[in-house]
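Asks: got a predicted structure here, sequence first:
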Amino acid sequence: MSVHSEIKKVTTETLRKMKFDKEKITMLTAYDFTTAKMVDAGGIDAVLIGDSAANVMAGFETTLPITLDQMIYHAQSVVRGTDRALVVADLPFGTYQSNPEKALESAVRMMKEGGAHAVKIEGGKEISKSIKKIINAGIPVMGHLGLTPQSIYKFGTYKVRAKDEAEAEKLISDAQLLEELGCFAIVLEKIPADLAKKVSESITIPTIGIGAGPDCDGQVLVYHDMVGMNQGFSPKFLRRYLDLYTEITGAVAQYVKDVKNVDFPNEKESY
């Protein structure tokens, strides 16, 4: 029997056991109560309150503008809608990079006010002191390496990362460091599949890929992309399971037509 079917409440230890048992981990984003209810009911292992909320919920070009207060609001909504899945929340840009004390303060607020079960932080050696400070306070940390969207202005592009030997070696070193620091899992974003496989085999904590091939210990996608609500984003790694943009715009158009033609509400829909 799979770990997935046995567990009534997913924890960080559950994810470690799933890697040990070679059972793939599933994760999707959610930013609100209703979506969280649906993805949790669908059997997802972990829900990520991503700072991608800045893009898909607020319409910003990057993830940088979203604030800690806004992320805490999203976390509160998602936690109320989740019964089984592990809830992980991003710490947004500027809330952990400057110094370990600020990082810990941000993480404590996300756990205490937001209700998240763990936090996710982008980066490796450069933020190791902040990661250690948070973990030492008893807060679980998920790492994030490869394409780290909060550093988009440093990279200058959303293209695949770690294709050259030096960057690949640093990524492997950073992944091993994150494990040593006590991170319970690492997201690997937009890196070559063979590198992701090498990283996953070099550490004992789970790797969760997005655009990192099939050999990571799990996979994550943005919910809005996966169900086809966002039509303007079509990277190679994305698989759309629905075309909700077409379904929803069609439903709205039909509603408009019915109201204009005095077909809604009809007698059955009136008191």
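Replies: Structure received.
Asks: what residue lies at the spatial centre of the protein?
Replies: Leu48 (3.7 Å; Cα atoms, centre = their mean).
Asks: so that one bridges to which residues?
Replies: Beta-bridge partners of Leu48, counted by DSSP bridges, are Thr29, Val88.
Asks: so what's it scoring on pLDDT?
Replies: We have a pLDDT of 98 for Leu48.
Asks: pretty sure it is in contact with Thr29, am I right?
Replies: Yes. Contact criterion Cβ atoms under 8 Å: Leu48 and Thr29 qualify, at 4.9 Å. Heads up, the C-betas are built off the backbone N, CA and C, glycines and all.
Asks: so what sits against both of those two?
Replies: Contact criterion Cβ atoms under 8 Å, 6 or more residues apart in numbering; residues shared by Leu48 and Thr29: Val220.
Asks: does Ile210 touch Met226 like I think?
Replies: No. Checked against Cβ under 8 Å, the pair Ile210 and Met226 is beyond contact range at 10.9 Å.
Asks: who's more crowded, these two?
Replies: Legend: neighbour count by other Cβ atoms under 10 Å for Ile210 and Met226, higher for Ile210 (23 against 19).
Asks: how much space between that one and Leu188?
Replies: Applying Cβ to Cβ, to the nearest Å, the value for Ile210 to Leu188 is 8 Å.
Asks: now swap in Ile121 and tell me
Replies: Computed as Cβ to Cβ, the Ile121 to Leu188 distance reads 14 Å.
Asks: of these two, who's got more company?
Replies: A count of neighbours by other Cβ under 10 Å puts Leu188 above the other of Ile121 and Leu188, at 29 against 24.
Asks: how does this protein divide into domains?
Replies: Per the record, the chain has its domains at 12-240, 244-270, by the TED database.
Asks: got TSV for those, with distance to Glu6 too?
Replies: Listed next are the domains of the chain as TSV, based on distance: least, Cβ to Cβ, whole Å:
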stretch	distance to Glu6
domain 12-240	9
domain 244-270	32
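Asks: buried deepest among the ones you listed, which one?
Replies: Per residue and on average, the most neighbours among these fall to domain 12-240, with a mean of 19 (mean count of other Cβ atoms under 10 Å).
Asks: distance across that domain, terminal residue to terminal residue?
Replies: This stretch, domain 12-240, spans 28 Å end to end (Cα to Cα, to the nearest Å).
Asks: over to stretch 209-219?
Replies: 5 Å.
Asks: give the rounded mean pLDDT of it.
Replies: Mean per-residue pLDDT for stretch 209-219: 98.
Asks: what comes into contact with that stretch?
Replies: With contact meaning Cβ under 8 Å, 6+ apart, stretch 209-219 is reached by 15, 18-19, 24-27, 45-46, 146-147, 160, 185, 187-194, 196-197, 200, 206-208, 220-221, 235-237.
Asks: next step: the residues you listed restricted to strands.
Replies: If you go by DSSP state E, the contacts of stretch 209-219 have 25-27, 46, 146, 185, 187-189, 207-208, 220-221 in strands.
Asks: among these, which two are most distant?
Replies: Thr26 and Gly146 (19.2 Å; Cβ to Cβ).
Asks: ok, Lys24 touching Met18?
Replies: Yes. Counting by Cβ under 8 Å, Met18 is a contact partner of Lys24 at 7.5 Å.
Asks: and the strands in the protein?
Replies: 25-29, 46-49, 86-90, 118-120, 141-146, 185-189, 207-210, 218-221.
Asks: tell me which strands and helices the first one is in contact with?
Replies: Using 3 or more Cβ pairs under 8 Å, 6 or more residues apart in numbering; DSSP states H and E as the contact definition, the elements that strand 25-29 packs against are helix 12-20, strand 46-49, strand 218-221, helix 223-226.
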